[in-house]
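1. what shape does this take:
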Amino acid sequence: MANLYKKDSPFQVYISFKKYLDVLEHIRYNDRLEYRVNYAESLIESTRNFKELKEGFQDISLLEKHEDLIKLLLADLFPTGLTHNEIKAASIPLSNITFNYTERFKAILKDAGKDFEIELRNITDNEFYVFCCCLILQSYFKKDIKSTIPLYYDIPNQQGIMKHYKITVNSDFTEIYPTEQAKIPSDEIMDMLLENLDDFKLWKKYFPSQSWVLKGFTIISLVDCTSEVALSDLKSSMIEIDPEHFNPNENLTEIFKSYFDVPELSFGLMTFNKKEQKLDKLPIYESLLTNHILDFWINTFDDETRKNTFSNLSHNSKSIVVSDVNNLDENIRQLPSFSILKDNNVNSFMVIPIMKDNELLAIMEFTSPIAASFNGLKLRKMEFFTDMILFSLSRFYFEKNYQIEAIIQREYTTIHDSVVWKFRNEAEKYFTASLGKKIYTLKEISFKNLTPLFGVSDIRSSSEKRFRLMLEDLNQQIEWLNQILILTNSDSEKFMLALDVFENELNNEIKADTEQRFQRLLREEIHPFLQGKLEMRAPREVKSKIKDYFLQVRAQTDLFYNHRKNLDDSITLVNRKLADILDESQVKAQQIFPHYFERFKSDGIEHNLYIGTTIAPDLHYTTKVVHKLRYWQLKTICKIEQEFQSFKKDLPIPLDIASLIFVYNEKIDIRFRMDEKRFDVDGAYNSYYEIIKKRLDKAHVKDSSERITAPGKITIVYFGMENQKEYLDYVTKLQKKEILQHDIEFLKVEDLQGITGLLALRVSLVSSLH
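-> Next up is the predicted model:
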């Protein structure tokens, strides 16, 4: 037999008792006690005819042949008085071959069954090889290193519970030495190897296979550390959460069996949904968990009873332990709920609330058909990993919320806080289905029977200003080009003629495509011509003028942009300021009643509010809510107008805004459009509201060319006298606060396409700020 190891190693291994026989020789010639001398001499004499015991052998059948002699030889190392207490055996070094067992070790192996093969736990072939090399460094080269690999045996007991034993090894009776094929590494190489413990090939280069001899035997002692190992495995299982793939440890129930020393055990867990005050199953554990008691509880009692129970848990979160259900009080055993225990063969159980900061996170249950499986001591063992359960659940909730937010962002984009709960419900169903590897189609999100509020603060005449400034930019650009082309002499004549045509067109009969055709002339002809002049030997004055020209050209359009930039900067500043005012005021509006809010920036700011009980179903909703929010909206529009007056003088281009509120009494529905990732008014009937909003923008006073909106004034558009009376009350309040003037105008709005009967009131703002 060339090698006693199943794994590759740097050793040739020989079983030998030489070093122990040397100890006996020392006793024989040096001990002063005659009985010890005689005892040592008789043992030595008994092995004299079996030279292989001293010289070493590789044929493991000799262990069985010399079993009685080896037992006699090692009697001092295996005291008879401890044989039923110690878990101990002799072993071929670093192998799974053991012999000369204590009686307790024999009983453990017998319970494991005839087919069980003992072997080291969780050591890869490469780790084993490097570990053997480290033993050479430690034993032969006297390197002061410590082995970092803990050695364990996993052995099932008679009930099938996996028991874990830590191995301590006594190597006093082994020796290590090199063969002729061995390489003797220098100190520098040994230090380099110790810095690269994971580099198996590097170690094998300096310690080739079977290039060293390991001779002797070891004594292994086992310590039952099942609880410690199971606790460590539980902690590892609970720490390992992959945010992309929530895969449970399928051995979790087996680990609990080992930890509690219960051969038949079922484990259940449900998380607590605080918002809905109910327990939720974990789909990832659906195939592993058995929620006998919790299933019965949530399916039997009504919502009110369950909510009261959850509320009480914050004051009294004591766990329930029943060692033997048959010992329960007779009155309890007569209850219908007791049948769930008998029907599911539950004879012992624990129910444990998992709390954090007096808030319920989850409830665990452990059940067993074996009476007396659980008791107060088993419950005490829970304390050792309660913190880890809390950590695991907290992390699970964090990852769950992260994933739900990701689903909302991916499927719905950014959602307003007031309605995010409904999206979270859908996203949570999608998430839960994905944990269970199921397909879930996201349902349509809609809110019905809402009261809309619409307001806009529009920048007045921005289109006309933009057109006028565009003309100024292009005329200035043509002027610059003419000055440059005159300096370049006769070769630029055709360009000057083209520019004259465009200048005339711009200032007299501009067409829809004039700007685009001018861009094409610049991009394809004039600008390449000027770039060529920069690369040629042109006069310095020409080059300088061309460079100054290109500094004013906007790269994206090839056009001058200075005047229009001032307008765009002014509009951007106005929009930002107005949006900030609106957003800040919105915080107070949401406190009145949660509602869906959206705003849009264009040439000014417009906003929509949608209010109704379907958005906040848990709150009491009345028409007073609408009145309060309408008053809030009017005050906010006044504030926007006042703030605008305070900063308008600082704008690069003078601007004015005109504000409007549209009052609509009919209820409407809104639906989230997945294609556009936004809410929209739902249905043909409700779209009438949207049509009115769009046509009010340019509406005039009836039988007049005057716009219904005007700078420095607020226009409120409505249908009936009831709304007029309501808003007159609001206006009166603001007049008393000296925010609005006493110059109310009552107007009729011109008939719009398909829309008649609109009324309006218009009132000026007090010019000074209060």
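2. any residues touching stretch 125-136, and which ones?
-> 7-11, 94, 120, 123, 145, 147, 149, 176, 193, 197, 200, 203-204, 206-207, 212, 214 (C-beta atoms under 8 Å, 6 or more residues apart in numbering). For the C-beta atoms, the positions are set from N, CA and C on the backbone; glycine is no exception.
3. next step: these restricted to helices.
-> If you go by DSSP state H, these have 193, 200, 203, 204, 206 in helices.
4. how about those in TSV, adding pLDDT, distance to residue 357 and neighbour count?
-> Converted to TSV, these look like this (pLDDT from 0 to 100; distance: C-beta to C-beta, whole Å; neighbours: other C-beta atoms under 10 Å):
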residue	pLDDT	distance to residue 357	neighbour count
193	91	51	21
200	90	49	17
203	94	51	22
204	94	55	17
206	95	57	19
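5. out of those, which is nearest to residue 767?
-> Nearest to residue 767 among the ones in helices among the contacts of stretch 125-136: residue 200, at 85.5 Å, using C-beta to C-beta.
6. number of residues surrounding the nearest residue to the closest one once chain neighbours are set aside?
-> Closest residue in space to residue 200, ignoring its immediate chain neighbours: residue 126 at 4.0 Å, by C-beta to C-beta, 6 or more residues apart in numbering. Neighbour count for residue 126, taken as other C-beta atoms under 10 Å: 16.
7. residue 126 and residue 729, how far apart?
-> 85 Å (C-beta to C-beta, to the nearest Å).
8. which strand residues bridge residue 554?
-> residue 559 (DSSP bridges).
9. just to check, it is in contact with residue 562?
-> No. Judged on C-beta atoms under 8 Å, residue 554 makes no contact with residue 562 at a distance of 9.1 Å.
10. list the buried residues in the helix or strand where residue 167 lies.
-> Residue 167 belongs to strand 162-170 when assigned by DSSP states H and E. Neighbour counts over strand 162-170 (16 or more other C-beta atoms under 10 Å) mark 162, 163, 164, 165, 166, 167 as buried.
11. what does stretch 134-146 give?
-> Those would be 134, 135, 136, 137, 138, 139, for stretch 134-146 by 16+ other C-beta under 10 Å.
12. repeat for stretch 446-460
-> Quick answer for stretch 446-460 (16+ other C-beta under 10 Å): 447-448, 450-460.
13. in strands only, show me those.
-> Applying DSSP state E to the buried residues of stretch 446-460, the entries found in strands are 447, 448, 450, 451, 452, 453, 454, 455, 456, 457, 458, 459.
14. can I get those residues in JSON lines with pLDDT and distance to residue 157?
-> Putting these into JSON lines (pLDDT from 0 to 100; distance: C-beta to C-beta, whole Å) gives the following:
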{"residue": "447", "pLDDT": "80", "distance to residue 157": "61"}
{"residue": "448", "pLDDT": "87", "distance to residue 157": "63"}
{"residue": "450", "pLDDT": "90", "distance to residue 157": "66"}
{"residue": "451", "pLDDT": "91", "distance to residue 157": "71"}
{"residue": "452", "pLDDT": "92", "distance to residue 157": "72"}
{"residue": "453", "pLDDT": "94", "distance to residue 157": "73"}
{"residue": "454", "pLDDT": "94", "distance to residue 157": "75"}
{"residue": "455", "pLDDT": "95", "distance to residue 157": "76"}
{"residue": "456", "pLDDT": "94", "distance to residue 157": "79"}
{"residue": "457", "pLDDT": "94", "distance to residue 157": "79"}
{"residue": "458", "pLDDT": "92", "distance to residue 157": "82"}
{"residue": "459", "pLDDT": "92", "distance to residue 157": "83"}
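15. between the residues you listed, which is closest to residue 465?
-> Using C-beta to C-beta, those come closest to residue 465 at residue 459, 8.7 Å.
16. now do the contacts for that closest one.
-> Residue 459 touches 571, 574, 603, 604, 655, 656, 657, counting by C-beta under 8 Å, 6+ apart.
17. that older thread, want to throw the ones in helices among the contacts of stretch 125-136 into TSV with distance to residue 505?
-> Listed next are the ones in helices among the contacts of stretch 125-136 as TSV, based on distance: C-beta to C-beta, whole Å:
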residue	distance to residue 505
193	85
200	81
203	85
204	86
206	88
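18. surely residue 669 meets residue 445?
-> No. Residue 669 is beyond contact range of residue 445, at 11.5 Å (criterion: C-beta under 8 Å).
19. how near is residue 503 to residue 477?
-> Counting by C-beta to C-beta, the gap from residue 503 to residue 477 is 10 Å.
20. and these two? Which one has more around it.
-> The neighbour count for residue 503 versus residue 477, taken as other C-beta under 10 Å, is higher for residue 477 (22 against 17).
21. from residue 221, how far off is that one?
-> Separation of residue 477 from residue 221 (C-beta to C-beta): 95 Å.
22. do residue 42 as well
-> 27 Å.
23. do residue 515 as well
-> 93 Å.
24. could you do residue 81 as well?
-> Residue 81 is 16 Å from residue 221, by C-beta to C-beta.
25. quick one, which of these two is more surrounded?
-> Shown here are residue 81 and residue 221; by other C-beta under 10 Å, residue 221 has more neighbours (16 against 7).
26. what's the longest helix in the protein?
-> Max-length helix for the chain by DSSP H is helix 562-592.
27. show me the shaky parts of the stretch 251-400 of the chain.
-> 283-289, 296-316, 336-337, 394-395, 397-400 (pLDDT under 70).
28. same question for the stretch 1-150 of the chain.
-> Looking at the stretch 1-150 of the chain by pLDDT under 70, you get 1-6, 146-149.
29. that one: helices as residue ranges?
-> 18-30, 34-47, 52-55, 61-65, 67-73, 103-112, 125-139 (DSSP state H, counting those that start in this stretch).
30. and stretch 749-762, average pLDDT?
-> The average pLDDT for stretch 749-762 rounds to 90.
31. one more: stretch 466-484?
-> Rounded mean pLDDT across stretch 466-484 is 92.
32. what residues of that stretch count as buried?
-> So for stretch 466-484, counting by 16+ other C-beta under 10 Å, buried means 466, 469, 470, 473, 474, 475, 477, 478, 480, 481, 482, 484.
33. any chance of those residues in JSON lines, plus distance to residue 535?
-> JSON lines is the format used below for the buried residues of stretch 466-484 (distance: C-beta to C-beta, whole Å):
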{"residue": "466", "distance to residue 535": "36"}
{"residue": "469", "distance to residue 535": "34"}
{"residue": "470", "distance to residue 535": "31"}
{"residue": "473", "distance to residue 535": "27"}
{"residue": "474", "distance to residue 535": "27"}
{"residue": "475", "distance to residue 535": "29"}
{"residue": "477", "distance to residue 535": "22"}
{"residue": "478", "distance to residue 535": "24"}
{"residue": "480", "distance to residue 535": "20"}
{"residue": "481", "distance to residue 535": "19"}
{"residue": "482", "distance to residue 535": "22"}
{"residue": "484", "distance to residue 535": "15"}
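34. and those residues, which is closest to residue 702?
-> For the buried residues of stretch 466-484, the nearest to residue 702 is residue 466 (29.5 Å; C-beta to C-beta).
35. report the contact partners of that closest one.
-> Applying C-beta under 8 Å, 6+ apart, the residues near residue 466 are 564, 567.
36. just want the angle from the helix or strand hosting it to strand 446-459.
-> Residue 466 belongs to helix 462-487 when assigned by DSSP H and E. Angle, helix 462-487 to strand 446-459, by axes from the mean of the first three to the mean of the last three C-alpha atoms, to 10 degrees: 50 degrees.
37. which helix or strand lies directly C-terminal to helix 462-487?
-> helix 493-507.
38. in that following helix, what's buried?
-> 495, 498, 499, 502, 503, 506.
39. all good on my end, thank you.
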